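> I need the structure of the sequence given here:
(4 chains)
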2 protein chains.
Amino acid sequence: MTDKQRHSWVSIRDSIREMILNSTYGPGDKLPRDEEFAASFGCARSTVHRAMRDLAQSGLVERRRKGGTMVRRDPVTRATLNIPITRLEVEQKGSTYGYQLIRQSVQPSSPAIMANFALPEARPMLRVEALHLADSRPYIFEDRWICLETVPEITSVDLTRESANEWLVRNRPYSRCDLRLYARPGTPIDSEVLQSTPGDALFVMERTTWIGEAPITSLCAVAHPGYQLFTQG
Amino acid sequence: MTDKQRHSWVSIRDSIREMILNSTYGPGDKLPRDEEFAASFGCARSTVHRAMRDLAQSGLVERRRKGGTMVRRDPVTRATLNIPITRLEVEQKGSTYGYQLIRQSVQPSSPAIMANFALPEARPMLRVEALHLADSRPYIFEDRWICLETVPEITSVDLTRESANEWLVRNRPYSRCDLRLYARPGTPIDSEVLQSTPGDALFVMERTTWIGEAPITSLCAVAHPGYQLFTQG
DNA sequence: GACAATAATATGTAGCTACATATTAATGTA
DNA sequence: TACATTAATATGTAGCTACATATTATTGTC
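As a prediction, the model looks like this:
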């Protein structure tokens, strides 16, 4: 009974997950308290806690203080996307990276950008349009807005040499990042910049970041036709 | 000096992150050992460990036993996608969900599917083509292959009533999930099923799952024009 | 009965110890 | 020198205690 072998939190997690999946506990059910699980498994509460944290993070259960742990009624697939700096993404594929600043200007934030940041009123921003190249061919076109109040130093960065993407990633952490992915047909402007056919299906990534409540940057990145985004475990 | 206030792992994490970002420690640098950080912060090693785990998971640092902790040379943006069951996604938007089985047949896995699973040879699979509807309008069309060796029970499920999506999520856990996202122009077949214009830009999600080494399902989900995928914190 | 104050409860966190594990560095031997 | 053995080291995990925090249930008062 009280075998003194040590149980890893991974095995405890898998046991609990197994129980949920073979319907010992169904969707919406309340699971036993951590302590009870610990007693039944013959391990410490901290080990069960570690396992439960993992299950909660992966979306299988939901935990609330005092409320206990419940099996989520609506299981979700959680996938982690790794979005590297574009230069590294290109180089990792064995291609030569190129970068081209197209336009740069100070503007009040557009309504769309204000919406992304949920700002009630316009703020002065630096708008940077730039093209990333792989082997001299257009790879990703980005239209980026940088909040000058949050990142005043950006004005003294030479964006013809270093991409705003890279500078921000290396110099500005963010505490929140919203991502939106969709497809849209290429406009004539797209096709000019990306050297693609108008009407082609283009993959678009919109990314908005904050540090605390302060907006940092919001960008719309349009990839060349054929671009794919992967998950990686 | 030795103030006995307790430090939360979150504040420790933020302090370390701050140091990395203001270049106290630069990309590629080796960070002090956990114990040293603990001593300098005046907290326990376990607290530093907790903080470090979080930084490692978010992609800012990399840890190796004995090797120590290093600031990643190539910071990545890690975003977690929540992919709910399609029915719930539709209902959450306040729309009425509909489901329609289009075709279903047992086939040996196609080369493309074998590639997704990295299978050396074909296996018998159930291919299910189905349409998810929102307010009676096409929402997502999915072309799914289910491995019959791993999921033999699927043959006894009435897929005209319950979607394979839902049944699998509720009954088959997976240990690995590969995701691929891209845009492609709609074919005449797409436009027929999705009632869209041929050549329209369509958002495609390919998802392949395994339990252990055993393949479960691989599917290609094509969304209606205008579909967007979000992250959620 | 309505509502505020209080107690009970389950998870969350911090700190400690001890040991496991992976990897590098040092050492010994042919 | 080459190679296997051993030691050293930093992170990873398990177990314990104590306390914090959020939320629910209970109780008391009007």
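
> Outline the domain layout of chain A.
A:9-71, A:86-223 (automatic domain parsing).

> Around DNA strand C, which positions in chain A sit nearby?
A:31, A:33-35, A:46, A:49, A:52-53, A:56, A:63-69 (C-beta under 7 Å from any atom of the strand). Quick note: C-beta positions are derived from backbone N, CA and C, even for glycine.

> Kindly check the end-to-end length of stretch A:152-164 for me.
13 Å (C-alpha to C-alpha, to the nearest Å).

> Close to DNA strand D: what parts of chain A are there?
A:6-10, A:43-47, A:50, A:64-67.

> Restrict these to the buried ones and give me that as a ChimeraX selection.
To isolate the buried ones among these in ChimeraX, judged by 16 or more other C-beta atoms under 10 Å in any protein chain shown, type:
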select /A:7,9,43,47,50
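
> Out of the residues of chain A next to DNA strand D, list just those in strands.
residue A:64 (DSSP state E).

> just so I have it, where are all the helices in chain A?
According to DSSP state H, chain A carries its helices in the segments A:9-21, A:34-41, A:45-57, A:86-92, A:111-117, A:164-171, A:188-194.

> which of those has the lowest average pLDDT?
Sorting the helices of chain A by mean pLDDT places helix A:164-171 lowest, at a mean of 86.

> can you list contacts of that helix?
A:85-87, A:128, A:130, A:132, A:142, A:144, A:146, A:151, A:153-154, A:157, A:159, A:216-217, A:219, B:21, B:27, B:75, B:77 (C-beta atoms under 8 Å, 6 or more residues apart in numbering or on different chains).

> buried subset of those residues?
Counted by 16+ other C-beta under 10 Å, those give A:85-87, A:128, A:130, A:132, A:142, A:144, A:146, A:151, A:154, A:157, A:159, A:216-217, A:219, B:21, B:75, B:77 as buried.

> mind checking the backbone torsions on the residue in chain A that DNA strand D sits nearest to?
Closest approach between chain A and DNA strand D, counting by C-beta to the nearest atom of the strand: residue A:8, at 2.6 Å. Main-chain dihedrals, residue A:8, degrees, to the nearest 10: phi -80, psi 150.

> Could you tell me which residues make contact with it?
With contact taken as C-beta under 8 Å, 6+ apart, residue A:8 is in contact with residue A:47.

> go on, residue A:82?
Contacts of residue A:82 were listed using C-beta under 8 Å, 6+ apart, and they are A:230, A:231, A:232, B:59, B:76, B:77, B:78.

> Chain neighbours aside, what residue packs nearest to residue A:9?
Closest residue to residue A:9 apart from its sequence neighbours, by C-beta to C-beta, 6 or more residues apart in numbering or on different chains: residue A:50 at 3.9 Å.

> Against residue A:11, how distant is that neighbour?
Distance of residue A:50 to residue A:11, computed by C-beta to C-beta, to the nearest Å: 11 Å.

> swap in residue A:80?
23 Å.

> so how many other residues sit close to residue A:190?
For residue A:190, the count of nearby residues is 23 (other C-beta atoms under 10 Å in any protein chain shown).

> May I ask you to confirm that it is in contact with residue A:223?
No. Contact between residue A:190 and residue A:223 fails when scored by C-beta atoms under 8 Å: they sit 10.4 Å apart.

> Name the residues contacting each of those two.
Common neighbours of residue A:190 and residue A:223 (C-beta under 8 Å, 6+ apart) are residue A:202.

> quick one: low-confidence ranges for chain A?
A:1-5, A:232-233 (pLDDT under 70).

> One more pass at 50, please.
A:1-3 (pLDDT under 50).

> follow-up on the earlier one: report the two of the residues of chain A next to DNA strand C separated the most.
Largest separation among the residues of chain A next to DNA strand C by C-beta to C-beta: A:46 and A:67, giving 20.0 Å.

> from memory residue A:128 sits against residue A:106, does it?
No. Counting by C-beta under 8 Å, residue A:128 does not reach residue A:106; the two are 10.4 Å apart.

> Give me the distance between the spatially closest residue to residue A:27 that is not a sequence neighbour and residue A:14.
In this structure, residue A:27 finds its nearest non-sequential neighbour in residue A:73, 4.7 Å apart by C-beta to C-beta, 6+ apart. Noted for residue A:73: a distance of 22 Å to residue A:14, by C-beta to C-beta.

> Surely residue A:85 touches residue B:74?
Yes. Residue A:85 is within contact range of residue B:74, at 6.4 Å (criterion: C-beta under 8 Å).

> Return the set of buried residues in stretch A:9-17.
A:9, A:12, A:13, A:14, A:16, A:17.

> Can I get that stretch in CSV, CA atoms only?
Extracted C-alpha coordinates of stretch A:9-17, given in CSV (Å, rounded to 0.1, in the frame of the first residue of the first chain):
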residue,chain,number,x,y,z
TRP,A,9,4.7,14.8,-11.3
VAL,A,10,4.6,13.7,-15.0
SER,A,11,3.3,10.3,-14.1
ILE,A,12,0.8,11.7,-11.7
ARG,A,13,-0.4,14.1,-14.4
ASP,A,14,-0.7,11.3,-16.9
SER,A,15,-2.7,9.2,-14.4
ILE,A,16,-5.1,12.1,-13.8
ARG,A,17,-5.4,12.8,-17.5
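
> Now tell me what touches that stretch from outside.
By C-beta under 8 Å, 6+ apart, stretch A:9-17 touches A:31, A:37, A:41, A:43, A:47-48, A:50-52, A:54-55, A:60, B:173.

> Would you check which pair of those lies furthest apart?
A:43 and B:173 (21.9 Å).

> got JSON lines for the contacts of stretch A:9-17, with distance to residue B:183 too?
Below are those laid out as JSON lines (distance: C-beta to C-beta, whole Å):
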{"residue": "A:31", "distance to residue B:183": "41"}
{"residue": "A:37", "distance to residue B:183": "45"}
{"residue": "A:41", "distance to residue B:183": "47"}
{"residue": "A:43", "distance to residue B:183": "48"}
{"residue": "A:47", "distance to residue B:183": "45"}
{"residue": "A:48", "distance to residue B:183": "44"}
{"residue": "A:50", "distance to residue B:183": "40"}
{"residue": "A:51", "distance to residue B:183": "39"}
{"residue": "A:52", "distance to residue B:183": "39"}
{"residue": "A:54", "distance to residue B:183": "34"}
{"residue": "A:55", "distance to residue B:183": "34"}
{"residue": "A:60", "distance to residue B:183": "31"}
{"residue": "B:173", "distance to residue B:183": "30"}
